[in-house]
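Participant: Mind folding the following:
(4 chains)
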Number of protein chains: 2
Amino acid sequence: MSQEVGSGSQPPTIYDVARAAGVSIASVSRVLNDQGNPRADTRERVLHAVAELGFVPDGAARALSARLKEVVGVVVRRPQWLDGSLFTDEDENLQFPDMINRGMEIVAQRHGFDLLIRSVDLDEANAGSRIFALARKSDGIILHDRVLDPDQLDRLARQLPVVTLAGLPTAATANVHGDNDSGMRAVARHLIHDHGYRTLAYLAGHEGSPDSITRGRALADEARAAGVTLQAGDAWQGGYQAAGGAAAIERLIAAGTRLPRAIVCANDQSAIGVLHALAQHGISVPGDVAVTGFDDMPVARHLRPQLTSVRQSIQDLGATAFETLYSMICGDGSGVRGQDIALPTQLVRRRSCGCDPQLLVPRNAQEAG
Amino acid sequence: MSQEVGSGSQPPTIYDVARAAGVSIASVSRVLNDQGNPRADTRERVLHAVAELGFVPDGAARALSARLKEVVGVVVRRPQWLDGSLFTDEDENLQFPDMINRGMEIVAQRHGFDLLIRSVDLDEANAGSRIFALARKSDGIILHDRVLDPDQLDRLARQLPVVTLAGLPTAATANVHGDNDSGMRAVARHLIHDHGYRTLAYLAGHEGSPDSITRGRALADEARAAGVTLQAGDAWQGGYQAAGGAAAIERLIAAGTRLPRAIVCANDQSAIGVLHALAQHGISVPGDVAVTGFDDMPVARHLRPQLTSVRQSIQDLGATAFETLYSMICGDGSGVRGQDIALPTQLVRRRSCGCDPQLLVPRNAQEAG
DNA sequence: GTTGTTCAAGTAAGCGCTTTCTTCAATGCT
DNA sequence: AGCATTGAAGAAAGCGCTTACTTGAACAAC
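Facilitator: Numbering: from 1, shown residues only, chains lettered A, B, ... in the order given. Reported below is the predicted structural model:
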């Protein structure tokens, strides 16, 4: 029983345990790690001393010696605030990455790993070096959404296992993403064939995002195949943010552009902004204009009208990213490098596309490959 | 230039740098840490070799030697899923803690620290030992919302600095929380005096939560002072979750209870459930029943009707928790132990309490201490 | 010219573990 | 009884850093 209050006393070390148990530190280590087969009484004495002292091995020492930190670094992109907007404190932009991280964390725990989380500002000059520093505290790295340019990614992957999310795989890294293509095609077909809309628009995410590009391309394909008009381009950039979506609609209306029958947004977040801007102008959704999102964030259900979206199991995205990285760290991971892993998506029809939730249109549109 | 692809090659060590620069490892370390004053050419050669090799010191080795890991552990409570409800995949329950963590992370970065995040299930038998293990990977620990019982908290605080969030300070730990009392009093006065409601109810958060208790007490005080009826107790438990809020309302309606004129929820999340359940039964908000939340999560703005709530600067909560912990780790931190730090809150009036956002009732109600 | 001082740079100890190597008591065999 | 074999436990090396201590070159003072 220590008489100190506060963290004055150092935690016990393996030497303290060895002394208390009357054995060598090697024996303590062996008992704790199930190496060799210690005699029953040795084991017993060690365990007793460990319990007595409340010994837990120091992570740094263990990591140094075992060459395994049991930590993976996670880098998320800190959103740029678009100021002067309704949505200035748009903290929820981070909800998506946070949910992915949650998925990772739960799986990581099963393997005794923890997540070391760092957000970077892309504008930051030394974003790269900050990521490298994080890497030296970790056994592997998971990079969200394009936080590192290809050159540096390559250098990083040379030093330790790397998995990207919603990026592109390289020879040395794996990538995990939702199946954007089939998800978006399901949206497109539903709008075109089930609802019969003939004019669509695509509100893109941020520039260069592979997710946004793939989604846009899938939509364009389907529109072309059906001979339907699709608006897109500079005027239709939402930057994945509510403020961006709202701003785009405001600009279009101000410019007197005739809105399409349906607006397909690159994600739910920007759809929120679109809904808001349309409401401001008394434009009825889905009566005048239908709106769809992508991701099916929990908030999608609470919007009025409820938002039609494409569900990705966000936690699975994280879980898969971790499992992939883990196989690179601990297993051979040879089969995984360079792979682009797609997770299934599913259209979720709600009110905002024109469906009546009580009386859903037939399911068939949603399946067709 | 390495010819390897993938993480086959080990990152360079300080020995590699020393060899490349033709100096001893001590000199390298000194240059990198600004110790002593190396001669200009020594410094130059070291820096050159570091850049050449892309050397970054290993975190574990550094931590072991410097006795500082530059990592703080964060423990969040993993919500129990209430199953069979509308809100089964209620991931957004974690939005609040995640936003707090974001605030910590940003400040932590300024000090070169990273966050090691772990969620625990309270049911879990060994939750305690999992937290102790995390502790040994960190220089200090931040505990969200009652994840550890007082005994174990005490043992933990004996080993390293600990800060709690929305808990209670102990002799060795500090606690950070929003100013629940004044926030809730502002809500109460607004509902009672500005809107004239004479029957209220308090939908509590989870049992034993100091936040929930303080909020409930403040509301009860104000109700009593104004001679207003307040319902509370077993029937009014929301568990801080949307599903919990919805379930409570369902039960009350099923039991034929006459609803109060205003329902004051312990947080926004449970208010969402309440709004939902009321809508299901065709009960108008705020016309028939007014509803308020607490926290002012971003989602509060997107609900219909928009939710009146109490804003706490959630990121500040995290930032303050980190700064407090940091002062315990690096400074003397003597003044901080045992303190209970309250951050200001502010009433945000929206539609759900009966206010017309275009035509707000006078501000005065909101101020009075 | 000798001794003293200064200070950059090198040497080595140590942080707290894991793990290889070595020792040596206990067993099995001839 | 004498020797080989086994295997648990101890001794010690090292993981990659930081830092106290030691060395010795350069310069100042006598």
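
Participant: Leaving out chain neighbours, which residue sits closest to the residue in the stretch 151-300 of chain A positioned nearest to DNA strand D?
Facilitator: Using Cβ to the nearest atom of the strand, the closest approach of the stretch 151-300 of chain A to DNA strand D is made by residue A:159 at 11.5 Å. Where you see a C-beta, it was placed from the backbone N, CA and C, and this is true even at glycine. Nearest residue to residue A:159, sequence neighbours excluded (Cβ to Cβ, 6 or more residues apart in numbering or on different chains): residue B:11, at 4.6 Å.

Participant: just to revisit the earlier point, and the residue of the stretch 151-300 of chain A closest to DNA strand D, what does it touch?
Facilitator: Residues in contact with residue A:159 (Cβ atoms under 8 Å, 6 or more residues apart in numbering or on different chains) are A:132, A:135, B:7, B:9, B:11, B:54.

Participant: Now intersect those with the helices, please.
Facilitator: Among the contacts of residue A:159, the ones falling in helices (DSSP state H) are A:132, A:135.

Participant: ok, which pair from the contacts of residue A:159 is furthest apart?
Facilitator: With Cβ to Cβ as the measure, no two of these lie farther apart than A:132 and B:9, at 14.8 Å.

Participant: Just want to know which of those two has more residues nearby.
Facilitator: residue A:132 (20 against 12; other Cβ atoms under 10 Å in any protein chain shown).

Participant: what's the helix or strand for residue A:326?
Facilitator: Assessed by DSSP states H and E, residue A:326 sits inside helix A:314-329.

Participant: how far out from the middle of the chain is that helix?
Facilitator: Centroid separation for helix A:314-329 versus its chain: 11 Å, with Cα atoms, centre = their mean, to the nearest Å.

Participant: cool, and stretch A:190-206?
Facilitator: Remark: stretch A:190-206 is offset 25 Å from the chain centroid, using Cα atoms, centre = their mean.

Participant: repeat for stretch A:139-154
Facilitator: Remark: stretch A:139-154 is offset 14 Å from the chain centroid, using Cα atoms, centre = their mean.

Participant: can you check stretch A:243-251 too?
Facilitator: Relative to its chain's centre, stretch A:243-251 lies at 25 Å (Cα atoms, centre = their mean).

Participant: ok, now stretch A:25-35?
Facilitator: A distance of 39 Å separates the centroid of the chain from that of stretch A:25-35, by Cα atoms, centre = their mean.

Participant: Now do the strands in the stretch 151-300 of chain A.
Facilitator: Counting by DSSP state E, counting those that start in this stretch, the stretch 151-300 of chain A has strands at residues A:162-165, A:174-178, A:199-203, A:229-231, A:262-265, A:290-292.

Participant: among the ones you listed, which is the most enclosed?
Facilitator: strand A:262-265 (a mean of 30; mean count of other Cβ atoms under 10 Å in any protein chain shown).

Participant: can I get the CA coordinates of that one in CSV?
Facilitator: Extracted C-alpha coordinates of strand A:262-265, given in CSV (Å, rounded to 0.1, in the frame of the first residue of the first chain):
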residue,chain,number,x,y,z
ALA,A,262,-33.1,15.1,-59.5
ILE,A,263,-29.9,16.0,-57.8
VAL,A,264,-27.5,13.2,-57.0
CYS,A,265,-25.1,14.2,-54.3
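
Participant: For that strand, what does the pLDDT average out to?
Facilitator: Mean pLDDT, strand A:262-265: 98.

Participant: Name the nearest residue to the closest residue to chain B within the stretch 101-250 of chain A, ignoring sequence neighbours.
Facilitator: Nearest residue of the stretch 101-250 of chain A to chain B: residue A:137, at 3.5 Å (Cβ to the nearest Cβ). In this structure, residue A:137 finds its nearest non-sequential neighbour in residue B:59, 3.5 Å apart by Cβ to Cβ, 6+ apart.

Participant: Next one: that neighbour relative to residue A:230, how far apart?
Facilitator: 49 Å (Cβ to Cβ, to the nearest Å).

Participant: Residue A:355 too?
Facilitator: 21 Å.

Participant: same deal with residue A:279?
Facilitator: Per Cβ to Cβ, residue A:279 is found 24 Å from residue A:230.

Participant: and if you look at residue A:183?
Facilitator: Computed as Cβ to Cβ, the residue A:183 to residue A:230 distance reads 17 Å.

Participant: Repeat that for residue A:110.
Facilitator: Remark: distance between residue A:110 and residue A:230 (Cβ to Cβ) = 44 Å.

Participant: again with residue A:258
Facilitator: From residue A:258 over to residue A:230 the distance is 14 Å, taken as Cβ to Cβ.

Participant: Same check on residue A:218?
Facilitator: Distance from residue A:218 to residue A:230, by Cβ to Cβ: 11 Å.
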